[in-house]
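Visitor: A structural model of the following input is requested.
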Amino acid sequence: MGIFEFIGESYNPGEIGTVDRVEINRNDMNLKVMIAKSIIAVGLLALAYVFFSGPNTTTFNYVMFSIGIVIYCTIAFFVVPHPDYDNIGWLGGLIDHPFRYSDDINRFLIFLAVILYPGRFISRTFMTWIYYFFVAED
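Guide: Prediction:
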């Protein structure tokens, strides 16, 4: 953060996004949609393992990678960034606003949302199945 951003933000503060938590509800429980999402989620996991595997990959490496995937999906399930798209800099975020640092925070939230989306998709699909079988009442 530069001195201009610090001074400019104190006179004209910009809005920043939020980080929320997602809840599973009964609207997510269409069985055909759940099966389609499950196929895509398993495909994403298989793709991750294909990119990870190499000629010298050991069982220990697969176990550590699996633990990393579980941690990533858990974080992605609970951390849901919602940036304020009206305050991402000039020209739609291509140029940094020289007098605000809140646009930097919003651009970081956009980056975080993009990075966490595959893990959120996988974890929400998994949690929807758990909710469907063990929690939901018809």
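Visitor: where does this structure have its least confident helix or strand?
Guide: Sorting the helices and strands of the chain by mean pLDDT, DSSP states H and E puts helix 3-11 at the bottom, at a mean of 52.
Visitor: so in this structure, which helix runs the longest?
Guide: helix 102-130 (DSSP state H).
Visitor: any buried residues in that helix, and which?
Guide: 102-107, 109-110, 112-113, 116, 118-125, 127-129 (16 or more other CB atoms under 10 Å). In short, each C-beta sits where N, CA and C put it, glycine included.
Visitor: what is that helix packed up against?
Guide: helix 31-52, helix 59-78, strand 80-82 (3 or more CB pairs under 8 Å, 6 or more residues apart in numbering; DSSP states H and E).
Visitor: quick one: mean pLDDT for the shortest one?
Guide: Looking back up the chat, that one is strand 80-82. Taken as a whole, strand 80-82 carries a mean pLDDT of 85.
Visitor: now the first one
Guide: With pLDDT averaged residue by residue, helix 31-52 scores 91.
Visitor: what angle do it and helix 102-130 make?
Guide: Following axes from the mean of the first three to the mean of the last three CA atoms, to 10 degrees, one obtains 120 degrees for the angle between helix 31-52 and helix 102-130.
Visitor: going by neighbour count, list what's buried in helix 31-52.
Guide: Neighbour-count burial for helix 31-52, counted by 16+ other CB under 10 Å, picks out 37, 41, 48.
Visitor: can you list the residues you listed in TSV and add distance to Ile69?
Guide: Listed next are the buried residues of helix 31-52 as TSV, based on distance: CB to CB, whole Å:
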residue	distance to Ile69
Lys37	17
Ala41	12
Ala48	7
